[in-house]
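The sequence and its predicted three-dimensional model are supplied below.
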There are 4 protein chains.
Amino acid sequence: MNINGVTIEDTFAEAFEMRATRIVITAMDRNWVAHAAETMTGFATSVIGCGLEAGIEQYLEPEETPDGRPGVAVLLFAVSGKELTKHLQNRIGQSVLTCPTTAVFSGLDGEATPMGEGVRYFGDGYQISKLFGERRFWRVPVMDGEFVCEATTGRVNAVGGGNFLVLGRSAEETLRALEAAIEAMSRAPGIIMPFPGGVVRSGSKVGSKYKALPASTNDAYCPTLRGLTDSNIGPEVGAVMEVVIDGLDPDSVSRAMAMGIQTVCAFGPDNGILGITAGNFGGDLGQFQFSLHEVLA
Amino acid sequence: MNINGVTIEDTFAEAFEMRATRIVITAMDRNWVAHAAETMTGFATSVIGCGLEAGIEQYLEPEETPDGRPGVAVLLFAVSGKELTKHLQNRIGQSVLTCPTTAVFSGLDGEATPMGEGVRYFGDGYQISKLFGERRFWRVPVMDGEFVCEATTGRVNAVGGGNFLVLGRSAEETLRALEAAIEAMSRAPGIIMPFPGGVVRSGSKVGSKYKALPASTNDAYCPTLRGLTDSNIGPEVGAVMEVVIDGLDPDSVSRAMAMGIQTVCAFGPDNGILGITAGNFGGDLGQFQFSLHEVLA
Amino acid sequence: MNINGVTIEDTFAEAFEMRATRIVITAMDRNWVAHAAETMTGFATSVIGCGLEAGIEQYLEPEETPDGRPGVAVLLFAVSGKELTKHLQNRIGQSVLTCPTTAVFSGLDGEATPMGEGVRYFGDGYQISKLFGERRFWRVPVMDGEFVCEATTGRVNAVGGGNFLVLGRSAEETLRALEAAIEAMSRAPGIIMPFPGGVVRSGSKVGSKYKALPASTNDAYCPTLRGLTDSNIGPEVGAVMEVVIDGLDPDSVSRAMAMGIQTVCAFGPDNGILGITAGNFGGDLGQFQFSLHEVLA
Amino acid sequence: MNINGVTIEDTFAEAFEMRATRIVITAMDRNWVAHAAETMTGFATSVIGCGLEAGIEQYLEPEETPDGRPGVAVLLFAVSGKELTKHLQNRIGQSVLTCPTTAVFSGLDGEATPMGEGVRYFGDGYQISKLFGERRFWRVPVMDGEFVCEATTGRVNAVGGGNFLVLGRSAEETLRALEAAIEAMSRAPGIIMPFPGGVVRSGSKVGSKYKALPASTNDAYCPTLRGLTDSNIGPEVGAVMEVVIDGLDPDSVSRAMAMGIQTVCAFGPDNGILGITAGNFGGDLGQFQFSLHEVLA
């Protein structure tokens, strides 16, 4: 398969079942919404080292939020409901409770997951519970007034680790195309790209020569190791970059992969884009497989 | 004491000794420098919940960095050298190793603290050690080439928790003045403001009616609790905000406090700025005391 | 007079009467509001060369705009009502009519000044007039629907050329302080700073050795000409920068000057801020005089 | 022709010969580079109303600029060399000479076009001429030191008005796809998109029912006029947006058109992208024709 002169390998991305939720953070204005969301979703690139993968799904206009203020939808992914609850509560406590003028709401139906339940004790007994229909909220007194936090959010089974790899002539050319692709994908609903700027350059293989380590550099895709290892890349490839996608469901991941790959391919070989492939472990580890050719069909 | 019509209370900020380091991250261009630094310093508002307090000290022009590329100086603070080492290595692994085109260097002399020592094993034996003078670097093969990471960085005894509080007429007016103050303070060397946007509205007191909790809302500064508690704020105060400052040394903290308070006071009572005070625990807990009147002298 | 170790010269800023209006631009979201406003207020640093001085006063939340969408308040200044009308209409035609999803409203009471009256003919007869109370709007069919533009806006007599000069040790230190000051001043209502980034470094004197030119470089404040001309600056001064302020009334200008000077002075001599002065022509040309000492009282 | 479910009409974009130059602006840091470039290229959407079409081609790293500082390449287009000279000199005088720490250089070989020749007289006789090889520079004393401006720049025959139109289901969906496309195209060399945010929604036809006006709304593409005029768009089309591209040569325009159209099509009908067409006047007015099917071949 070939798009705009770029070869699409006949392979698949292997992805994993995770637990996920969406929360909505609002604040006085767009800047303070961003401060809270960026702090809260920082250092959340991989469940391995951070316990959580998180990112901004999209900013919301006031008419799209529960309290009519500017807001943001944040998606959070973890390996289990218990892990999700733990990290969600800690991050709300550190990054949202602390942030001037913010409030937090559930943004997803699903299995009830404690959210404001943990933060409320910060109120030292002065907190107040409020019921709107079936939704319970905590109002916790703070120095700028009250922090409103919904008691629970909903969680669903979701997809972690959708991905594609871009084979490029140079790091610079590959990143130019990927910056545009990330921009396009960031407009797709239901997904996040948890790595810095949406791109990861330290792809890994399972296992290592060091016994204690479960994973190590994916030498088959390292340009500097082409002569030393069983390489998957030709001499014209100077850089490989991966986009990892977490999504609320397989369709969202699939759509985002298509949009990202199409955008990268819009740059073509003249702009240093040589091929597209995907990362998998032979298909035995993950619950989901995304065939590149099917995704792009 | 009074600046531009704003009362400066005769009190002091109480701060704590911490361990800190500065690292320098470089990348292909300013955007990718920012992606790495923002991800790495996210969710690092307080050592209590995050293990680390971290932030961007300043962006660096190419002529100011070891490899002549655009860069950023990041400051990281923890309660001990051991904690600092643990979180530094984990965050480099999750947020810098992963980020396209980045390299990491020590930015501070001081007690040697492992940095690249942990990340290097990701290279699966293909990593290469390189010595420039007395500085050792690891070159770890990755998909976009090599990740260069200095083996160690230096750590020093530093100051955590310098602070001042702004008493304002409304949250909006208080934040307008503080946005300008944060902008001014962000230009001061040797310090970071670890909370979202540099401001925290959930000030806390020691202790709680819930036995398990070591701290709870600072009810004496909560406007909604004025009638219910022994309040420190008058009826004209609608919002209180705190700026927390971590610095490499007391002088840096003191200078930044002065700059921030002066800038807030530039807005004056007409723009809703009513008073300045500071947070302390009576002076028995922290190793440092910053008298507001001395800082502003 | 002295603030935080910085000498405030006993002089005054001389300013001029101009005609001004405020318009409100709204759009689908904050990004498109910004695209329109930044394009419309670009190249509007000085009436001499651009015919217009214009800038963003502040961004507006949806509840602050006539159509409940995100918006921006833009201020425009010209030497006469006729000039103001001409440039306002041309800039709306080039930068707002063209910009996806925008609408434009009057943001000021005052003498009626044609606004949508010019643009409406673009509708080729398909435009529709609509009256809400006493306000008339034109609805002009365009490719994304309709461009709504209020027929007239209000103009008032206003102040152009309020200013202060910062004497600094180096360009870099002076700009650091001024960046913070511009951030603080940009939160003040009723004013704009029309030069790039709010600062001008090419201060001018009246007259030139070239007969055709009405103005030329202000050699008395040029550090490189200290030995060649009758200089106003000492050997410790490495850079002088000016902030020019246009405001809807003298009080707005005066308040903004105070806020800017106070913020610059917060940096102090240790950060390279040595003195504050102001630009005037002896007091015979302009209708307004702003004494620095009175402004800061 | 069809890309990802989006119909590409078999038509062509008609474009015009213009005169163009590239200049390079440098400054102390990226922020001040941006202030100068954004001010200088503001209000330059169309030669009809602004005399000039201008935009940022790309930001430059220090190693890519003549003086080793951060910079930006700006492209400027006008209908004749005389017009280009006039507007170039005026804009440099208003937006670059004024902007702290900037310098300006020629960025293109071609017919010599006066640039610093006009600005130098501001120096009031204190300006100094300097020759590097065959390039002459003016050093003009200003308050922050010296403004360095190359005496001339080069101009070439270029292309104005390359374009494509996107037929979308709604304004919001069409803009989401176009925001990504503009991001992709902004990475292409040799071109600018002069309209706000790169997009124009007020497409025009030649002529008007008002005799004095040479152009008026392109009613055939206005969704609200579908029943009243000889419409080119079906009932499923809720918004039409145009991207206009000026380029240094036809190849640059063609490549950018392909990249933009491919990126828009990556969104597909599910995301509201229904068709692509282009604007022309039958082929009799412009010197260039860009067939959509050839551009995308």
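Cool, got the structure. Numbers count the residues shown, from 1 in each chain, chains lettered A, B, ... in the order given.

measure whichever residue of chain A sits closest to chain C to A:F132 for me?
Relative to chain C, the nearest point of chain A is A:P62 (5.1 Å; CB to the nearest CB). Every residue, glycine included, has its C-beta placed from N, CA and C. For A:P62, the distance to A:F132 equals 18 Å [CB to CB, to the nearest Å].

What of A:R139?
Here the distance between A:R139 and A:F132 works out to 12 Å (CB to CB).

Looking at those two, which has the bigger crowd around it?
When A:R139 is set against A:F132 and neighbours are counted by other CB atoms under 10 Å in any protein chain shown, the residue ahead is A:R139, at 20 against 9.

Tell me how far the more buried one lies from chain D.
To chain D, A:R139 is 34 Å away according to CB to the nearest CB, to the nearest Å.

Double-check that that residue belongs to a strand.
Yes - under the criterion used here (DSSP: H, G, I helix; E, B strand; the rest coil), A:R139 sits inside a strand.

wouldn't it be in contact with A:Y126 here?
No - under the contact definition of CB atoms under 8 Å, A:R139 does not touch A:Y126, with a separation of 9.2 Å.

neighbours around the nearest residue to A:T277 once chain neighbours are set aside, how many?
Nearest in space to A:T277, with sequence neighbours left out and distances taken as CB to CB, 6 or more residues apart in numbering or on different chains, is A:E9 at 4.1 Å. Using other CB under 10 Å, A:E9 has 16 other residues around it.

next one: the one 5 residues further on
For A:E14, the number of neighbouring residues by other CB under 10 Å comes to 21.

And the strands in the stretch 101-250 of chain A?
Taking DSSP state E, counting those that start in this stretch as the criterion, the stretch 101-250 of chain A contains strands spanning A:103-106, A:111-114, A:128-132, A:135-142, A:145-150, A:152-168, A:191-192, A:204-206, A:215-217, A:239-247.

Need the mean per-residue confidence for the shortest one.
So that's strand A:191-192. The average of the pLDDT scores along strand A:191-192 is 98.

Stretch A:93-113 and chain C in contact?
No - when contact is scored as CB under 8 Å from any CB of the partner chain, no part of stretch A:93-113 falls within range of chain C; the minimum is 12.3 Å.

Of the strands of the stretch 101-250 of chain A, which is nearest A:A266?
Evaluated over the strands of the stretch 101-250 of chain A, closeness to A:A266 peaks at strand A:152-168, with 12.3 Å, by CB to CB.

Check which residues of the closest one are buried.
The neighbour-count criterion (16 or more other CB atoms under 10 Å in any protein chain shown) identifies A:152-156, A:158-168 as the buried residues of strand A:152-168.

one step back: hmm, the residue of chain A closest to chain C is touching A:P70, no?
Yes - taking CB under 8 Å as the contact criterion, A:P62 and A:P70 are neighbours in contact, 5.7 Å apart.

Return stretch A:85-92 as PDB; C-alpha atoms alone will do.
Provided in PDB are the C-alpha atoms of stretch A:85-92 (Å, rounded to 0.1, in the frame of the first residue of the first chain):
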ATOM      1  CA  THR A  85      -8.700   5.900  41.300                       C
ATOM      2  CA  LYS A  86      -5.400   6.300  43.200                       C
ATOM      3  CA  HIS A  87      -3.700   8.500  40.600                       C
ATOM      4  CA  LEU A  88      -6.900  10.500  39.700                       C
ATOM      5  CA  GLN A  89      -7.400  11.500  43.300                       C
ATOM      6  CA  ASN A  90      -3.700  12.300  43.900                       C
ATOM      7  CA  ARG A  91      -3.500  14.500  40.800                       C
ATOM      8  CA  ILE A  92      -6.700  16.300  41.600                       C
END
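
Give me the contacts around that stretch.
When contacts are defined by CB atoms under 8 Å, 6 or more residues apart in numbering or on different chains, stretch A:85-92 is touched by residues A:21, A:23, A:40, A:51-52, A:54, A:76, A:78, A:104, A:113-119, A:149, A:153, B:43, B:49.

Now do the contacts for the residue nearest to A:T277.
Applying CB under 8 Å, 6+ apart, one finds that A:E9 lies in contact with A:275-278, A:292.

got the residues you listed as a markdown table, with neighbour count columns?
Below are those laid out as a markdown table (neighbours: other CB atoms under 10 Å in any protein chain shown):
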| residue | neighbour count |
| --- | --- |
| A:G275 | 20 |
| A:I276 | 24 |
| A:T277 | 23 |
| A:A278 | 24 |
| A:L292 | 22 |
